[in-house]
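Colleague: predicted model and sequence below, questions to follow.
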Amino acid sequence: MLAFTVFDTKKFMAALLKGDIFDHFAFRQGEIASFAYFTINGAKNEDLLTAEDAEPYCLWTDIKPFVFEAVKGKKLPKSMKLIFSLPKEKTERYPNAKAVFLNLLFREGTLLCTTSVTEETFSLEKKGTRQWDEDILSFFKKHDFAIQVET
């Protein structure tokens, strides 16, 4: 598990809510406290799934407009918690990983990000976790988000 703070929350939120760099992530769930309280479940409606739907969660690109509507305005949201994961087919590159997560928590003007991995079977090796943490750090560096890793 990795925890880090994003310095420029305005730049990050613009990329998250208006850009497309997070669009390939699956959206698991979210909680937003703005002018009202919103809870969003990213699970697709099982009754409407087709045989082609391999991913049980909506992609961020599909949920993003709803989140944007909930947070836009003159005041910053009081808090926002968003949980992302990689789609199933992209998780395969992480050894022993059932799911890999990126969690975002915005509260009191600070954006804290954490990573986690759910393993297929218990292992002390944690190779998939280390690889996911490295990939997330590279992703943030590639997109020029200044961060501070928490120790």
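Modeller: Looks like it arrived, so ask away.

Colleague: so where's the chain uncertain?
Modeller: Within the chain, the stretches with pLDDT under 70 are 51, 54.

Colleague: which one's the longest helix in it?
Modeller: Longest helix in the chain, counting residues (DSSP state H): helix 127-142.

Colleague: ok, then the element right after it?
Modeller: strand 147-149 (DSSP states H and E).

Colleague: please name the bridge partners of the residue positioned nearest the centre of the chain.
Modeller: Among the residues of the chain, the one closest to the centroid is Phe84, at 2.9 Å (Cα atoms, centre = their mean). Phe84 has the following beta-bridge partners by DSSP bridges: Phe27, Leu102.

Colleague: before we move on, back to that, could you list the residues in contact with the longest helix of the chain?
Modeller: 1-2, 4, 6, 93-97, 100, 102, 113, 115-117, 119, 147, 149 (Cβ atoms under 8 Å, 6 or more residues apart in numbering). Bear in mind the C-beta positions are built from the backbone N, C-alpha and C, glycine included.

Colleague: list only buried entries from these.
Modeller: 2, 4, 6, 94-97, 100, 102, 113, 115-117, 119, 147 (16 or more other Cβ atoms under 10 Å).

Colleague: re earlier: which ones are touching the residue nearest to the centre of the chain?
Modeller: Neighbouring residues of Phe84 by Cβ under 8 Å, 6+ apart: 22, 25-28, 60, 101-104.

Colleague: which residues in the chain form strands?
Modeller: Along the chain, counting by DSSP state E, strands occupy 3-6, 26-33, 37-41, 79-85, 97-107, 110-119, 147-149.

Colleague: angle of the fourth one against strand 37-41?
Modeller: Relative orientation of strand 79-85 with respect to strand 37-41: 10 degrees, computed using axes from the mean of the first three to the mean of the last three Cα atoms, to 10 degrees.
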